[in-house]
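K.L.:
quick one, fold the following:
(chains A and B)
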Number of protein chains: 2
Amino acid sequence: MERPKLQVALDLQDLPSALAPLQKAAPHLDVIECGTILCLAEGMHAVRIIRSLFPDKPILADVRIAEAGSLISKMAFDAGASWVSIVSGATLNTVEAVMKEAAKHPGAEVQIELIDGWMWEQAAAWRDLGVPQVITHRSRDAEAKGALTWTERDLDEIRRLTDMGFKVTVTGGVKPEEIPQFAGVPVFVFIAGRGIYAAADPAAAAKHFQEVIAATYA
Amino acid sequence: MERPKLQVALDLQDLPSALAPLQKAAPHLDVIECGTILCLAEGMHAVRIIRSLFPDKPILADVRIAEAGSLISKMAFDAGASWVSIVSGATLNTVEAVMKEAAKHPGAEVQIELIDGWMWEQAAAWRDLGVPQVITHRSRDAEAKGALTWTERDLDEIRRLTDMGFKVTVTGGVKPEEIPQFAGVPVFVFIAGRGIYAAADPAAAAKHFQEVIAATYA
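P.N.:
Model prediction:
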């Protein structure tokens, strides 16, 4: 099983606050996420600057497309994003429009964010359109309760989505000590946010995540 | 019945393109919308600049909050937004968080964007939380077909939402010649986008909208 990647979600309100920890943690990061908050705060400028600083890393622009798929994805890809996100509530027309735009940008990928209420029939339709990635959250109730566990249901969902052909990203306040629970489960990317960017030592925090991932998927 | 307001949706990819038609049309506009596309392109800077130019007009920041409600709404209100939008798929916790943030900003209002699949029980819960506004789209099928009509079902939905206590905004490529179809229907705001900002004469286009609205609701 391939070792999952580590992604930092930069959910910060301005670029200076995001760039300082990013620069420290970057050697230990596989993917950089311009979070929804950062995109809304700074616009595509945020993607453009992070691309200029890290020309070789995949960048997810978490723009959460609901409508206007070609326009928003074009903006993000033109700014340097590698991947863009669409919410699961978007129509198939919107998903198709984003896939078409992605096809014009070499290496670009599209990710569907699975929001409570999504259905397996939708997932099948996304696969038919060639969508390569989905992102799944820990159940919100569990996250709200601060649970450090992932349910068998969460893990089964990841397995089933992988069997369908998706690369599955996992988010929702993942902590390093939880990662061993995923042993044997095919995760494409683990996302960490504050756990890295708000750490006293962002480089050490990212390195620790990578070590736990490597040990879990040894 | 109160005369509906006219809102321009600035769904443009940069501020210069938005500001030129806005400045022309502004004397005939009641509400200015920083569209999702403009917010993502330019960040909250867009709201800040439009607020500085139009200190007295209501501004909707169409940030379509799905999560991180307090943070995103605070960013928008701090930048000068009067209203912020939440997608109907957001949890009630998120709606509540945005309402709490709005309460800290005098005159601030919250709007739920009704996306296919929303339910009347949700609408009741939003009212219980004090949400004052909803925004309803023409059925996407109709819009895709370029239909110039609104169905009795669309209009009934507006009446029923108004009866519940909501101020109802109507969007979806509304053209001036369609507005008479709303006679007797309690609309809070009509949104026009390209019909105003892409018009050869944005001021004349906005003025024409206002005349048709005034005649319909005379």
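
K.L.:
whatever residue of chain A ends up closest to chain B: how many residues sit nearby?
P.N.:
Here chain A gets closest to chain B at one residue, A:Gly43, 3.5 Å apart by C-beta to the nearest C-beta. Every residue, glycine included, has its C-beta placed from N, CA and C. Residues lying near A:Gly43 (other C-beta atoms under 10 Å in any protein chain shown) number 24.

K.L.:
in contact with the spatially closest residue to it that is not a sequence neighbour, which residues are there?
P.N.:
Excluding its sequence neighbours, the residue lying closest to A:Gly43 (C-beta to C-beta, 6 or more residues apart in numbering or on different chains) is B:Gly43, at 3.5 Å. B:Gly43 makes contact with A:39-43, A:45-46, according to C-beta atoms under 8 Å, 6 or more residues apart in numbering or on different chains.

K.L.:
please report how far B:Gly43 lies from A:Val212.
P.N.:
34 Å (C-beta to C-beta, to the nearest Å).

K.L.:
now A:Ala125
P.N.:
35 Å.

K.L.:
in terms of neighbours, single out the busier of these two.
P.N.:
Neighbours per residue (other C-beta under 10 Å) separate A:Ala125 from A:Val212, with A:Val212 holding more: 18 against 14.

K.L.:
list the buried ones in the helix or strand where A:Thr94 lies?
P.N.:
For A:Thr94, the host element (DSSP states H and E) is helix A:92-103. By 16 or more other C-beta atoms under 10 Å in any protein chain shown, the buried positions in helix A:92-103 come out as A:94-99, A:101-102.

K.L.:
check stretch A:84-93 too.
P.N.:
Buried residues in stretch A:84-93 (16+ other C-beta under 10 Å): A:84-90.

K.L.:
in chain A, which helix or strand is least confident?
P.N.:
Taking mean pLDDT, DSSP states H and E as the measure, the helix or strand of chain A with the lowest value is helix A:140-144, at a mean of 61.

K.L.:
on that earlier part again, the helix holding A:Thr94 - contacts with which helices or strands?
P.N.:
Judged by 3 or more C-beta pairs under 8 Å, 6 or more residues apart in numbering or on different chains; DSSP states H and E, the packing partners of helix A:92-103 are helix A:69-79, strand A:83-87, strand A:109-113, helix A:120-128.

K.L.:
next to chain B in this structure, residues from chain A, please.
P.N.:
A:11, A:13, A:36-37, A:39-46, A:63-64, A:66-68, A:71-72, A:75-76, A:87, A:89, A:91, A:93, A:115-117, A:140, A:144 (C-beta under 8 Å from any C-beta of the partner chain).

K.L.:
of these, grab the buried ones for PyMOL.
P.N.:
Selection of buried members from the residues of chain A next to chain B for PyMOL, criterion 16+ other C-beta under 10 Å:
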select buried, chain A and resi 11+13+36+37+39+40+41+42+43+44+45+46+63+64+66+67+68+71+72+75+76+87+89+115
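
K.L.:
hey, where'd the strands end up in chain A?
P.N.:
A:5-10, A:31-34, A:59-65, A:83-87, A:109-113, A:133-137, A:167-171, A:189-192 (DSSP state E).

K.L.:
mean pLDDT for the ones you listed - can I get that in a markdown table?
P.N.:
A markdown table is the format used below for these (pLDDT from 0 to 100):
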| stretch | mean pLDDT |
| --- | --- |
| strand A:5-10 | 98 |
| strand A:31-34 | 98 |
| strand A:59-65 | 96 |
| strand A:83-87 | 96 |
| strand A:109-113 | 97 |
| strand A:133-137 | 95 |
| strand A:167-171 | 97 |
| strand A:189-192 | 97 |
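
K.L.:
need those in TSV (columns: distance to A:Leu22).
P.N.:
Output for the strands of chain A, formatted as TSV (distance: least, C-beta to C-beta, whole Å):
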stretch	distance to A:Leu22
strand A:5-10	6
strand A:31-34	7
strand A:59-65	11
strand A:83-87	17
strand A:109-113	20
strand A:133-137	20
strand A:167-171	18
strand A:189-192	12
